[in-house]
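A.B. asks: 3D, please:
(chains A and B)
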Amino acid sequence: MMQDLSRFVQPGRVHRQIYTDPAIFELEMQRIFGVAWIYVGHESQVKQPGDYVRSFIGRKPVVLVRDEEGQIRVIHNQCAHRGSMVVANDKGNAGEFQCCYHGWTYHLDGRLKAVPLQHGYPRDFDPKNPRTAMVQAPRVASYRGFVFASEAPDGPSLEDFLGYMTTSLDDMVDRAPEGEIEAAGGVFRHAYDGNWKLYLENLCDAAHPWFTHRSSIDAAQRQSDDAFSDGSGEIAIRQMRQNGAPYSFWESQVGIWTYPNGHSYLGDYHDDAKLVAALKDPLFRQYIAALEGKKGKQETRRILEVRRWNSNVYPNLSFMSQFQQLRVVHPLAVDRTVVCTYNFRLKGAPEQLFRNTISFANTVNGTGSLVLTDDLEIYNRIGMGLSSAGAEWIEVGRGLQSDLPDAHGGRRGANSTSEIYIRNMLDAWLRYMSNGRAQSALQ
Amino acid sequence: MARRPKRARKPAAPRRRTLFSALAGAARGPAQQRLDLRRCEQFLLHEARLLDDGKFDDWLALFTPEAWYWVPSEPDQADPYETVSLIYDDRRLLETRVRRLSSPRMYSQEPRSRTSRIVTNVTIEETGPLPGLPRARGREGSGCVVRSKFMMIEFRREQQRLFGGTVLHHLVQSGGRIMIAWKRVNLVNCDAPLDGITVPF
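C.D. replies: Residues are numbered from 1 along each chain as shown, chains lettered A, B, ... in the order given. Have a look, this model is predicted:
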């Protein structure tokens, strides 16, 4: 069955089995999550030597740590002796890592430091032998603070892998007056009974809010603005109302762009009128003043005219630069996925701006949000629907005939409602899954 | 545009029951009953019953006009402004949440959840300060903070889930009725990976 995976993808459609077959999932863990650059965390989560956070490469638990020399390392969270998980806390600061089973102690980069009762091990036991170390991910690289790891010893560099998507990451960082962002404000961990691919396939879907989010759109549209708000509800309700924008908006004002390796972003066409509208907000004016103070008027204007909504870096990262949101996809099983979402503080921006980021996060990423809960329901329903062989194929052909080439080596939809970004991810899927041999089958 | 009160930067000064009683006494008319443990407990049971019965409009009517409802995402979370929350609703958002619960197109409640709650270990907090509680606003400062334990079984589709934790209610009296000035729900598993939460605790 695994000999020819290209039979699962055809122009404008895909077979349901790639979302439901445990054998295909196992292969994805090897050929996609075992090869691609996987986002594992942000440098600001490990500011000082010894700072660490737990993370994952696919299903493999790893530790993102800053070692004594200040270098970022990603090591597999397993003792080289009997395999026990070594680091048990989600985050912290440590001078060394020690296994609680027999006391094997490791340097922060995973090298073995000391072993109790060393005389009892075989004569050729050597603490310098890599076999006695916690295993490092073979390649670790950062782009402007965003840390990725790859389990493949060779392959494209991180920047080649990201390609034009570096501009979305730039947008996230450039918006900070001091040119630096830091992870802050906690994390949401939300879960659903469905395949990991469904999450990214929804994040740039401009055609679903009108239906999926109908209940929150209706409730927000009927909400009186006279009711008390401390600012939190005001932002939430504004966002929910925006989800109710008519199709004409999504078809004329919003676009979808896709790039090699499965990446994509949903964006706003540059429109000065929107910038002018934001200028009326005193907080935003304060923020612009801070940006202009550090970067000058011209650069500030350039930064604010970049209007990216959700940017997806295949296979496990989605972020939104405008409100400093970042989501990481953790596949647990073919039919179970956890998504962790993070927020970033723009250094040098007014304090209130981060409160807006938190309110926005609660609205779109919150486990109890009025919006996200309907998305989670959709993932569950797709999971249930696709588990039946009653219908074999899924249609992903919207926009197939009208998609256009993009100036930066990618392709874009004629407007935001094209499913081009799903076809683009499935192209990447097929290429990874056939070890780079299969040609584009969907476009 | 609504008022945006400044966030409390210092914890409130320690308060004792005598102070609460004095404040409550000053606010209530001669006919108003004392807000004692029995009445508070009865109120919490009434609230739990409204939620189990799906009478969300009646539940909303228990909240004061400037109330907030908060389910933190971290144990001991200091405030709802600098850290994300599973739910943080000011009055305006709480109204929208409840209105959505009655929508036939709320797909995450199709089919509806059935819930069953147990409320117990009810105590009136005798002394402050209460760490991690934003300042009660305006005139709603009098009354008492009630601590309780809850367990809620939720059944929906083919799955049953169990939630549990500690709840803090700030109860006040208004026109002879007990009302909720704020409610904080500390889930024991607030930082776990969780499937969507649609029914309020």
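A.B. asks: And the helices in the chain, which stretches?
C.D. replies: Just going to use chain A. With helices called from DSSP state H, chain A shows them at A:22-31, A:158-162, A:166-174, A:196-203, A:209-212, A:214-221, A:232-243, A:247-252, A:272-279, A:282-295, A:297-305, A:351-364, A:372-386, A:420-433.
A.B. asks: Switch to chain B, please.
C.D. replies: For chain B, the helices defined by DSSP H cover B:17-27, B:37-52, B:56-60, B:91-101.
A.B. asks: which residues are contacting the third one?
C.D. replies: Counting by C-beta atoms under 8 Å, 6 or more residues apart in numbering or on different chains, the neighbours of helix B:56-60 from elsewhere in the structure are B:47, B:50-51, B:94-95, B:98, B:101-102, B:200. For glycine as for every other residue, the C-beta is placed from the backbone atoms N, C-alpha and C.
A.B. asks: Which two of these have the greatest separation?
C.D. replies: Distances among those were taken as C-beta to C-beta; the most separated pair is B:Glu47 and B:Ser102, at 18.1 Å.
A.B. asks: For the residue nearest to A:Gly34 when sequence neighbours are not counted, give me the backbone phi and psi.
C.D. replies: Here the nearest residue to A:Gly34 in space, its sequence neighbours aside, is A:Glu151; by C-beta to C-beta, 6 or more residues apart in numbering or on different chains that works out to 4.7 Å. Backbone torsions for A:Glu151, taken as degrees, to the nearest 10, come to phi -80, psi 0.
A.B. asks: Do you know the pLDDT at A:Glu151?
C.D. replies: A:Glu151 is assigned a predicted lDDT (pLDDT) of 98.
A.B. asks: quick one: it from A:Thr20, how far?
C.D. replies: Distance of A:Glu151 to A:Thr20, computed by C-beta to C-beta, to the nearest Å: 25 Å.
A.B. asks: which regions of chain A lie under the pLDDT threshold?
C.D. replies: A:1-3, A:270-277, A:438-443 (pLDDT under 70).
A.B. asks: Next, name the residue at the spatial heart of chain A.
C.D. replies: Nearest to the geometric centre of chain A sits A:Leu317, at 1.8 Å (C-alpha atoms, centre = their mean).
A.B. asks: you'd agree A:Ile72 is up against A:Ser44?
C.D. replies: No - taking C-beta atoms under 8 Å as the definition, A:Ile72 is not a contact partner of A:Ser44, at 11.3 Å.
A.B. asks: The two: who's more crowded?
C.D. replies: The neighbour count for A:Ile72 versus A:Ser44, taken as other C-beta atoms under 10 Å in any protein chain shown, is higher for A:Ile72 (19 against 16).
A.B. asks: Any idea which residue of chain B lies closest to chain A?
C.D. replies: Among the residues of chain B, B:Leu93 lies nearest to chain A; the distance is 3.2 Å by C-beta to the nearest C-beta.
A.B. asks: Now that residue: closest residue in space that isn't a chain neighbour?
C.D. replies: The shortest distance from B:Leu93 to any residue other than its chain neighbours is 3.2 Å, reached at A:Gly233 (C-beta to C-beta, 6+ apart).
A.B. asks: Which residues of the stretch 251-400 of chain A lie near chain B?
C.D. replies: When proximity is defined by C-beta under 8 Å from any C-beta of the partner chain, the stretch 251-400 of chain A lies next to chain B at A:338, A:341, A:343, A:354-355, A:358, A:361-362, A:365-368, A:370, A:372-374, A:376-378, A:381.
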